[in-house]
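S.K.: Got a predicted model here, sequence first, then my questions.
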Amino acid sequence: MSTICAVSTPLAQGGISVIRISGKDALKVAKAVFRPLSCGDVSSMAGYSCAYGQIVDGHKAVDDGVLTVFRAPRSYTGEDVCEISCHGGIYVTKRVLRLCLENGAEPADRGEFTKRAFLNGKMSLTQAEAVMDTISAQGEYALNSANLARSGKLFEQIKALTDKLVDILGELAAWVDYPEEDLPAVEQTALEKSLDGGVRSLDRILENYDRGLIFKNGIDTCIAGKPNVGKSAMMNMLLGFERSIVTDVAGTTRDVVQESVRLGRVILKLSDTAGIHETADKVEKLGVELAKKRLDSAMLILAVFDSSRELDAQDRQLLEYISGLDKKRLLILNKTDLESAADKSGLEKYGRVIQISAKNGQGIEDLQSAVEELFGTADYDPGSDIFANERQMHCVRTAHRYLTGALESLRSGQTLDAVTVMIDFAANALLELTGEKATEAVVNNVFSKFCVGK
């Protein structure tokens, strides 16, 4: 494979930038652009060692910095790796990268360093995917899950089940293919118990997936209501700063305003939408249409009403609209700091009612409790679970379908040949999950989601 290089830190002005080089000529490339001051030559540097020196273009000094050397196979990629740390200016970083490219390295593709680590046996495919999960983690639970997967926990869980299925396949194949050897017949009760245990193991992974996604990705949340009920004020209350414009003029929000906020244990990905109402204003009408689209795609709807006024036709129109959607929802009675006029009992038949004062910041604890109860996260301990991604879950669902089919076939008295075929399909799906039998297209697709330099 060629020697590759890329900037592994964000390409933005900062204190330091790191240019990573990996491949059989990594030290040769580093030697051409770096002059260590503490030792005579880059090629003499041992693995896991650093040297301060000058980054040079021929005889001309470009910058000073630090070179770190990792020798194969004891490196992130399993190849010789050099990392040049230079000052974090955008121009100087690009200049150092260009020097590496001019001296024999090639630009790295997205995720190519981690892909090489996978191909060189330094990590499984699930561990590689967990690297990106670590980078993108938005909270403690998502980070814990990524660390568990990166440590190999998911790989171990799946491999234990895969090994059991492979053992079963071996026994079935030996019994079917070599009848003259007088091998003991496969005992149906033991086989049924093993298959049932495999199905239950996959059941547990599937059951935790939806709740795990909430901790990993957050909850897409749409704040909806007629104009001037306090939607924007509520969003600002949750954020802790003024993001949406708040005035006494109805219809101030005409576009969808989006931000993320932590509410207790989960992240709400908030969308503050235009008030849903009839209007002749073309721009405002577009905002209402966008609001309805966001309602249709949201996981959670926070429908806001003004508690200081009686519910009117526009409020009821919103209630009828959201009641026709198969969405989790909470009804928010805002402006509780004013004298109440809204009929709370008239709202309760549409869902749980939470009373708040966005102006005074009251009611946020009740909202947090309601969200946790609604999504089943109140008593859920995500610290010991791994939140798989959609590719992994597709493999789990496929394996579950075939393993369930094998169990049903066995119980209904079908031939062991039919049972064997379905067990084989299940095992292949799990081998694809861990990367032990993944196609090149699957592997390329996984790493295409990475950033350059990782």
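M.R.: Cool, got the structure.
S.K.: buried stuff in the helix or strand harbouring Cys222?
M.R.: Counting by DSSP states H and E, the element that carries Cys222 is strand 219-224. Neighbour-count burial for strand 219-224, with 16 or more other CB atoms under 10 Å as criterion, is recorded at 219, 221-224. C-beta coordinates here come from the backbone N, C-alpha and C atoms, glycine included.
S.K.: In contact with the residue nearest the centre of the chain, which residues?
M.R.: Centroid-nearest residue in the chain: Asp133, 5.2 Å away (criterion: CA atoms, centre = their mean). Asp133 makes contact with 142, 145-146, 149-150, 216, 387, 389 under the criterion CB atoms under 8 Å, 6 or more residues apart in numbering.
S.K.: cool, and Leu433?
M.R.: Contacts of Leu433 by CB under 8 Å, 6+ apart are 125-126, 158, 391-392, 395-396, 399.
S.K.: now those residues in JSON lines, with secondary structure?
M.R.: Formatted as JSON lines, the contacts of Leu433 follow (DSSP: H, G, I helix; E, B strand; the rest coil):
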{"residue": "Leu125", "secondary structure": "helix"}
{"residue": "Thr126", "secondary structure": "helix"}
{"residue": "Ile158", "secondary structure": "helix"}
{"residue": "Arg391", "secondary structure": "helix"}
{"residue": "Gln392", "secondary structure": "helix"}
{"residue": "Cys395", "secondary structure": "helix"}
{"residue": "Val396", "secondary structure": "helix"}
{"residue": "Ala399", "secondary structure": "helix"}
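S.K.: Spit out the contact partners of Asp203.
M.R.: Asp203 sits next to His400 when contact means CB under 8 Å, 6+ apart.
S.K.: what comes up buried for the helix or strand where it lies?
M.R.: Asp203 belongs to helix 188-217 when assigned by DSSP H and E. Buried residues in helix 188-217, counted by 16+ other CB under 10 Å: 191, 194-195, 198-199, 201-202, 205, 208-209, 211-217.
S.K.: How about stretch 417-437?
M.R.: With the criterion 16+ other CB under 10 Å, stretch 417-437 contains buried residues 419-420, 422-435.
S.K.: Looking at those residues, which one is closest to Ala378?
M.R.: Ala378 has its nearest neighbour among the buried residues of stretch 417-437 in Leu433, at 30.4 Å by CB to CB.
S.K.: one step back: report the distance from the strand holding Cys222 to the chain centre.
M.R.: 19 Å (CA atoms, centre = their mean, to the nearest Å).
S.K.: Kindly format the C-alpha coordinates of it as PDB.
M.R.: Only the C-alpha atoms of strand 219-224 are listed here, as PDB (Å, rounded to 0.1, in the frame of the first residue of the first chain):
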ATOM      1  CA  ILE A 219     -34.600  13.400  20.200                       C
ATOM      2  CA  ASP A 220     -35.800  15.400  17.200                       C
ATOM      3  CA  THR A 221     -38.200  17.800  18.800                       C
ATOM      4  CA  CYS A 222     -40.600  20.200  17.200                       C
ATOM      5  CA  ILE A 223     -42.000  23.200  19.200                       C
ATOM      6  CA  ALA A 224     -45.400  24.000  17.600                       C
END
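S.K.: what angle sits between that strand and helix 188-217?
M.R.: Going by axes from the mean of the first three to the mean of the last three CA atoms, to 10 degrees, strand 219-224 is angled at 50 degrees with respect to helix 188-217.
S.K.: Quick one: mean pLDDT for strand 219-224?
M.R.: The average pLDDT within strand 219-224 is 88.
S.K.: Give me the contact list for that strand.
M.R.: Counting by CB under 8 Å, 6+ apart, 231, 234-235, 266-273, 276, 291, 294-295, 297-304, 318, 322, 371, 375 sit against strand 219-224.
S.K.: And the residues you listed, which of them are buried?
M.R.: 231, 234-235, 266-273, 276, 291, 294-295, 298-304, 318, 322, 371, 375.
S.K.: mind listing the strands for this protein?
M.R.: Along the chain, counting by DSSP state E, strands occupy 4-7, 16-22, 34-36, 49-57, 60-70, 81-87, 106-107, 219-224, 257-263, 266-272, 300-306, 328-334, 353-355.
S.K.: I'd like the average pLDDT over the shortest one.
M.R.: Averaging the model's pLDDT scores along strand 106-107 yields 96.
S.K.: what are the pairing partners of that strand, and which direction each?
M.R.: strand 4-7 (parallel) (DSSP bridges).
S.K.: Outside of the partner strand itself, list whatever touches it.
M.R.: Counting by CB under 8 Å, 6+ apart, 17-23, 29, 93-94, 97, 100-101, 105-109, 112-113, 452-453 sit against strand 4-7.
S.K.: Which of those are buried, as a PyMOL select command?
M.R.: Filtering those down to the buried ones (16+ other CB under 10 Å) takes a single PyMOL command:
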select buried, resi 17+18+19+20+21+22+23+29+93+97+100+105+108+112+113+453
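S.K.: tell me the domain boundaries of the chain?
M.R.: The chain resolves into domains spanning 4-108, 140-213+389-439, 222-374 when parsed by automatic domain parsing.
S.K.: Relative to Phe118, which of these is closest?
M.R.: domain 140-213+389-439 (6.5 Å).
S.K.: Now do the end-to-end distance for the closest one.
M.R.: The straight-line separation of the ends of domain 140-213+389-439 (CA to CA, to the nearest Å) is 33 Å.
S.K.: switch to numbering from 8
M.R.: With 8 as the first residue, the last one maps to domain 147-220+396-446.
S.K.: pLDDT of it, averaged?
M.R.: Per-residue scores along domain 147-220+396-446 average to 82.
S.K.: can you check stretch 83-97 too?
M.R.: 96.
S.K.: again with stretch 123-132
M.R.: 93.
S.K.: what comes up buried for that stretch?
M.R.: Judged by neighbour count using 16+ other CB under 10 Å, the buried positions of stretch 123-132 are 123-127, 129-132.
S.K.: First-to-last residue distance for that stretch?
M.R.: 11 Å.
S.K.: And for that stretch, what's in contact with it?
M.R.: 8, 29, 80, 83-86, 121, 134-135, 138, 157, 159, 162, 440-443, 445, 450, 453.
S.K.: repeat for stretch 354-371
M.R.: 237, 240-241, 243-245, 270, 310, 312, 314, 318, 326, 329-330, 336-344, 351, 373-374, 377, 381.
S.K.: again with stretch 91-107
M.R.: Contacts for stretch 91-107 (CB under 8 Å, 6+ apart): 12-14, 16, 18-26, 28, 36-37, 39-41, 62, 64, 69-75.
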